[in-house]
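Trainee: For reference, the sequence and a predicted model appear below.
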Amino acid sequence: MNINNIQSVRVLYRDQEVGTLTCDRLGICCFEYGKEWLATGFSLSPLKLPLKSGIFKADYHPFNGNFGVFEDSLPGGYGEFLLKKVLKRDGINFASLLPVQKLSLVGRSGMGALCYIPETKIIAESFSGSFDKIQQTINDILTERSDTEAGLLYRQSGNSGGARPKCVFADADGHWIVKFRDIHDRHDIGQIEYDYNMAARACGIDVPDFKLFNGKYFGVRRFDLSPSGERLHVATASGLLNEPITPPKMDYHTLLQLTGYLTQSAQAVEQQFRRMVFNVYAKNYDDHARNFSFICLDGKWTLSPAYDLTNDDTLGEHATTVNFKGLPTDQDMIFVGRNIKMSEKRCKEIIAEVRDGVRVLDKYL
């Protein structure tokens with residue numbers, strides 16, 4: 001199939017048709033829910049694609065004419081880097097593709113429950129080998145020593161986003177995302193993320209199951225799959241708000257308001273506040289809008305487990321500001337909490353709990 005001939009894709013939720021996504025002559029996406037989905041389904045993105053008849057047209061910015069919820073399906077960072085290499089060998093410029101053509105490359109292989117048909121398959125098989133072999137191959141590709149297996153690694157990445165190299169993996173305990181070192185990472189980066197997740201759990205933060213593979217590769221259980229392996233609809237704050245991460249400009253005011261609006265749960269808002277406090281005290285500055293997600297099951301939205309919790313202060317300040325400050329104080333966090341109707345007493349209690357809990361991470365701070 002010639003990918004340049006694709007001008008529209010059918011959007012599926014698992015195997016059920018949701019609607020049609022089409023690009024106009026300027027490359028701007030238009031989406032329309034199908035009649036059956038309107039009768040029995042739910043909104044994929046309540047703020048931008050409410051469940052109603054008619055054609056929705058995307059803004060050009062910030063996702064080059066795509067809707068944020070579908071942009072979530074595309075690989076970012078490491079996955080996009082690999083995909084560009086694979087396409088370049090076939091004479092295809094990734095940047096010149098329409099959003100629907102990029103989604104066709106994702107097809108049924110992305111994270112979450114959304115699929116895109118027709119599917120353009122470029123790699124039929126996945127990488128086979130030990131985690132150490134995967135790490136060495138990643139190093140070879142990132143240092144430009146070799147890129148012959150870029151396609152196999154891309155297939156194995158599951159179209160996941162983020163800067164760190166990843167692969168999807170299944171064993172007797174379930175389905176996992178396993179992270180590998182970037183060439184600029186510390187050699188103990190896996191142990192660091194493991195320790196951060198241990199600390200986060202001790203601080204009352206909901207994190208997925210996690211473990212170290214081979215004592216050094218951090219793995220986290222996939223929360224876009226149910227315990228029985230059924231695909232779940234997951235959307236990031238970036239996708240739901242049409243909020244870019246380059247440059248990052250979201251504030252925790254907005255994130256907490258989104259959490260309350262979607263979940264209608266004071267407990268979820270309090271959990272999100274707790275994650276904000278953890279990120280501040282643990283110096284996780286890479287807290288951009290794609291690092292917060294929500295899960296929708298049968299039309300009910302819940303807060304996803306926390307993820308990408310690690311020591312990343314290379315940015316110098318938080319990607320998501322607190323009361324519009326990149327290096328906030330306790331008073332800034334309390335102000336954000338009070339703005340979403342939390343009591344000052346409860347805000348202070350959570351701050352004290354998290355501050356005490358992150359002391360185990362002092363060696364990294």
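Mentor: Perfect, thanks for sending it.

Trainee: who's in contact with Thr310?
Mentor: Ile189, Ile192, Glu193, Tyr196, Asn284, Asp286 (C-beta atoms under 8 Å, 6 or more residues apart in numbering). Where you see a C-beta, it was placed from the backbone N, CA and C, and this is true even at glycine.

Trainee: Likewise for Leu258?
Mentor: Taking C-beta under 8 Å, 6+ apart as the test, what Leu258 contacts is Ala237, Leu240, Leu241.

Trainee: Does Phe42 touch Leu262 like I think?
Mentor: No - the criterion here is C-beta atoms under 8 Å, and Phe42 misses it with Leu262 at 11.9 Å.

Trainee: What values do phi and psi take at Tyr307?
Mentor: When quoted as degrees, to the nearest 10, the phi and psi of Tyr307 stand at phi -150, psi 170.

Trainee: Quick test: name the residue nearest the centre of this structure.
Mentor: Arg290 (4.8 Å; C-alpha atoms, centre = their mean).

Trainee: Where does pLDDT dip in the stretch 151-300 of the chain?
Mentor: 158-161 (pLDDT under 70).

Trainee: what number of residues lie near the residue nearest to Ala289 when sequence neighbours are not counted?
Mentor: Spatial nearest neighbour of Ala289, chain neighbours left out: Ser238 (3.7 Å); criterion: C-beta to C-beta, 6 or more residues apart in numbering. Applying other C-beta atoms under 10 Å, we find 26 residues neighbouring Ser238.

Trainee: before we move on, what about Glu230?
Mentor: 10.

Trainee: do the same with the one 10 residues further on
Mentor: Neighbours of Leu240 under the rule other C-beta under 10 Å: 25.

Trainee: That one: which element?
Mentor: In this assignment (DSSP states H and E), Leu240 forms part of helix 237-241.

Trainee: what residues does that helix touch?
Mentor: 45-48, 67-72, 243-245, 250, 254-255, 258, 262, 288-290, 292-294.

Trainee: Which members of the residues you listed are classed as buried?
Mentor: Among these, those classed as buried by 16 or more other C-beta atoms under 10 Å are 45-46, 48, 67-72, 243-245, 250, 254-255, 258, 262, 288-290, 292-294.

Trainee: Counting only strands, which of those residues make the cut?
Mentor: Judged by DSSP state E, these include Ser293, Phe294 as members of strands.

Trainee: Tell me which of the buried ones among the contacts of helix 237-241 fall in helices.
Mentor: Per DSSP state H, helices hold the following members of the buried ones among the contacts of helix 237-241: Gly68, Val69, Phe70, Glu71, Thr254, Leu255, Leu258, Leu262.

Trainee: Now the third one: closest residue in space, sequence neighbours ignored.
Mentor: Residue nearest to Phe70 in three dimensions, not counting chain neighbours: Leu103, with 6.1 Å by C-beta to C-beta, 6+ apart.

Trainee: separation between that neighbour and Thr120?
Mentor: 9 Å (C-beta to C-beta, to the nearest Å).

Trainee: now swap in Leu105 and tell me
Mentor: According to C-beta to C-beta, Leu105 and Thr120 sit 5 Å apart.

Trainee: Ok, Asp330 next?
Mentor: 51 Å.

Trainee: Check Val360 too.
Mentor: 47 Å.

Trainee: and the helix or strand hosting Gly19, what other elements does it pack with?
Mentor: If you go by DSSP H and E, Gly19 is part of strand 16-23. For strand 16-23, the packing partners by 3 or more C-beta pairs under 8 Å, 6 or more residues apart in numbering; DSSP states H and E come out as strand 8-13, strand 29-33, helix 35-40, helix 99-106.

Trainee: Select, out of the ones you listed, the one closest to Cys167.
Mentor: Closest to Cys167 of the helices and strands packed on strand 16-23 is helix 99-106 (C-beta to C-beta; 16.5 Å).

Trainee: Could you point out the helix or strand that follows that closest one?
Mentor: strand 114-117.
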